[in-house]
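J.: Just the structure for this:
(chains A and B)
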2 protein chains.
Amino acid sequence: MAASNPAQENGSIAPEPTFKRQLNASRLQFTQASILHHVPEPGSTELWAQNVATDHMVICRWTVDEGWDDPIIKPFGDLTISPLASCIHYATQCFEGMKVYRGFDGRLRLFRPDQNAKRLVMSAKRVSLPNFDPEQLVELIKALVRVDAKRWLPEPGSFRYIRPALIGTGRQLGVQVPKEATLLITMVCWPDFSSESPPGVQPRSDLRLLTSRNNTIRAWPGGFGYAKVGANYGPSFASHCEAQEAGYDQILWLLGEDGQVTEAGASNFFAVVQDKNTSKLQLLTAPLTDKVILDGVTRRSVLELTKTRLTSQLEVRDVKFTIKDLEAAWSEGLLLEAFVSGTAFFIKDVSTIRVGDHNIDLPETQQNTTRFGPMIKGWLKDIMFGIEDHEWGVVVYE
Amino acid sequence: MAASNPAQENGSIAPEPTFKRQLNASRLQFTQASILHHVPEPGSTELWAQNVATDHMVICRWTVDEGWDDPIIKPFGDLTISPLASCIHYATQCFEGMKVYRGFDGRLRLFRPDQNAKRLVMSAKRVSLPNFDPEQLVELIKALVRVDAKRWLPEPGSFRYIRPALIGTGRQLGVQVPKEATLLITMVCWPDFSSESPPGVQPRSDLRLLTSRNNTIRAWPGGFGYAKVGANYGPSFASHCEAQEAGYDQILWLLGEDGQVTEAGASNFFAVVQDKNTSKLQLLTAPLTDKVILDGVTRRSVLELTKTRLTSQLEVRDVKFTIKDLEAAWSEGLLLEAFVSGTAFFIKDVSTIRVGDHNIDLPETQQNTTRFGPMIKGWLKDIMFGIEDHEWGVVVYE
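T.: Residues are numbered from 1 along each chain as shown, chains lettered A, B, ... in the order given. Alright, predicted model coming up:
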């Protein structure tokens, strides 16, 4: 049913159809924070808490009738949300995870921000949130970085985490598409999971994975595992917690009766195996075809670097494979390496995969073997911190 | 790692372990609203918007260290939530849908509130939110009803919707169990979907269903379809919208290659079929075994009433059945009736199921046939509005 038109009700001429405004970074408004917050020390408990934001945030409201308001940078602070807001009842929410790096040349860089922005557009669609131009999102992220990086990211070789999120803020309990939404961008202190440990915890650079049980499945063909939506996370915490209580770091999510290997925790999973017949090395990772796994920006970058820089050494095989395939390869000494990739954890070696009542153990250092995970990680790090000049490292001019 | 203990750091004696407080309705605090809101007229656009709350709400905070605070009834109003809150990023959220009825005897009744409260405990567990005593939740619901029903629900034969929700409000972007949560109970104006239509829309008492496509499923075995968590809703809106744009009311969610019939929209689905061999009538509905469908309170009540009051006429068959089974029955004239049940829609007849390029049409009135949906609906209504005195109708004394 069309909404009633007040102009018509009053007998006056009907107005032109409302122009719906697009997300427009050039209309950004700015309110400077008058109180600046304490910046946590590197490696501190505060930093490991992953809950300290920088002084400002970006916020932008959208309504179905008007489109996007002017975006605003304002002091970081609480949101006011209706108890009837769609996002807190119906998980109309999606987000991105990315980082901003202070290069060794003193310059700030984002890593392939266009990829994150496009994925947020895709995720938003999956949960019926509004569309926007991904380039405008990148501009807003850059604007926030420009405001806060000087105080919050002065140190070459360090980074902060950036969390763009889009949530359905309309006050509506009907099971229906959100009529109002809010885009948020926050910048948060984040530990370096790939090479550090929390204060007081024995440093360990490897990751121990526990395979999921048959009765707990993260995502399914026809579901939404491929989108970065909140709905993939909350329901997985219980399994994650179980893994940690059992002494593991992450769940290795399997799917189906045959135990297809999909993701590890909230990261993509890779295995380096040697082909029995050809003796060639292959980089195995789950394919995107079924829309079960996340199209990770780091995953994509790992595959692209393997294809361009390791052409003759390592063949990319993004095909379905099962935990039985991994076990078989391992028992024949053909599973050489496993690692996970993602923005939160970056790239991290897997040392153990627990399957039922036994382990697939992958010794951390194998002599006489090239370790591809650390090699690719090194290349990516060089791009992120500006040691290698590469189009993936997008400079943010201050 | 255990949190550091400030008392120990200061050299004093370590305190006793903190006592974690339970949810306790007897400690309810009350702040009366000074401004009372306009109550929408029956059948008004305002009421159909499903976004007008009554004057008060219940709120209660939980923290991992302290447990549950004292619950509070206070004026309905916006929440303040951190932009880093778990519930808006990771869908750590679950809810219930229930109604309060003003009986024809002038008394207020809830319908089996213990069932909703127990289910909220179960849903909370599925998304790693805190546990509580379901009886305390029922007491808090009753308290809110007592405060607002006089103004908001004076008319015998009418009802309001009640929305208890539990959300992860901790400021934490780590992929981890919420350390802080908030219980909310709101009471909202809700249309009678089972017998009315929005203003200006042609009244239609039947429901038209469109079967889901293979590439979109609502829930899967090992997932969380059985829990009333936000994660089941947002990702389903796009399909729902598609159905409405194609002239249907709800999606009939199928699962798997064989097209198992699971739920209709956010309601449970029932079919009355005649057994080909025995000529006996059967009430078909999806079973709870795979944890794919919601254990609906209305569903449960329909099955229990069928077992006790229709013993010799209608056999309950909560077994897996497919859309092909339904089509086969229909083509032989053995599909007599279909209806959906749920709190939001109550019980509503299904007139059409669209499958691929053809319809399963179920004429709204079939002469010479007992219609079980309307019969059971009538019984439930009698219980809800106090025409029949039944233990399922729990009186709230004002």
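J.: Quickly find the element holding the closest residue to A:Leu255 other than its chain neighbours.
T.: Closest residue to A:Leu255 apart from its sequence neighbours, by Cβ to Cβ, 6 or more residues apart in numbering or on different chains: A:Thr262 at 5.2 Å. Any C-beta I mention is one placed from the backbone N, CA and C, and that applies to glycine too. Element membership of A:Thr262 [criterion: DSSP states H and E] is strand A:260-264.
J.: re the thing from before, OK, contacts around the residue nearest to A:Leu255?
T.: Residues near A:Thr262 by Cβ atoms under 8 Å, 6 or more residues apart in numbering or on different chains: A:Arg218, A:Ala219, A:Gly225, A:Trp253, A:Leu254, A:Leu255, A:Phe269, A:Ala286, A:Val292, A:Ile293.
J.: again with A:Asn215
T.: Going by Cβ under 8 Å, 6+ apart, A:Asn215 touches B:Pro221, B:Gly222.
J.: any idea how far A:Asp206 is from the residue nearest to the spatial centre of chain A?
T.: In chain A, the centroid-proximal residue (Cα atoms, centre = their mean) is A:Gly97; its distance is 3.6 Å. Distance, A:Gly97 to A:Asp206, using Cβ to Cβ, to the nearest Å: 22 Å.
J.: And the helices in the stretch 101-250 of chain A, which stretches?
T.: A:113-126, A:134-152, A:237-245 (DSSP state H, counting those that start in this stretch).
J.: Output those in TSV, with distance to chain B and mean pLDDT appended to each entry.
T.: Converted to TSV, the helices of the stretch 101-250 of chain A look like this (distance: least, Cβ to the nearest Cβ, whole Å; pLDDT from 0 to 100):
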stretch	distance to chain B	mean pLDDT
helix A:113-126	6	98
helix A:134-152	12	98
helix A:237-245	4	92
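J.: Now for chain A, the helix or strand with the poorest mean pLDDT.
T.: Ranking every helix and strand in chain A by mean pLDDT, DSSP states H and E puts helix A:6-9 at the bottom, with a mean of 37.
J.: Write down the beta-bridge partners of A:Arg171, one by one.
T.: A:Ala85 (DSSP bridges).
J.: Next, find the distance separating the nearest residue to A:Leu252 once chain neighbours are set aside from A:Gly247.
T.: Closest residue to A:Leu252 apart from its sequence neighbours, by Cβ to Cβ, 6+ apart: A:Leu209 at 4.2 Å. Distance of A:Leu209 to A:Gly247, given as Cβ to Cβ: 11 Å.
J.: A:Phe159 now?
T.: Distance, A:Phe159 to A:Gly247, using Cβ to Cβ: 29 Å.
J.: And the two? Which one has more around it.
T.: A:Phe159 (21 against 10; other Cβ atoms under 10 Å in any protein chain shown).
J.: That one touches A:Val100, doesn't it?
T.: Yes. With contact defined as Cβ atoms under 8 Å, A:Phe159 and A:Val100 form a contacting pair (6.3 Å).
J.: residues shared between the contacts of the two?
T.: A:Leu153.
J.: For A:Tyr397, give me its contacts.
T.: A:Tyr397 neighbours (Cβ under 8 Å, 6+ apart): A:Arg107, A:Arg146.
J.: A:Leu28 too?
T.: A:Leu28 neighbours (Cβ under 8 Å, 6+ apart): A:Val58, A:Asp70, A:Pro71, A:Ile72, A:Ile73, A:Leu140, A:Ala143.
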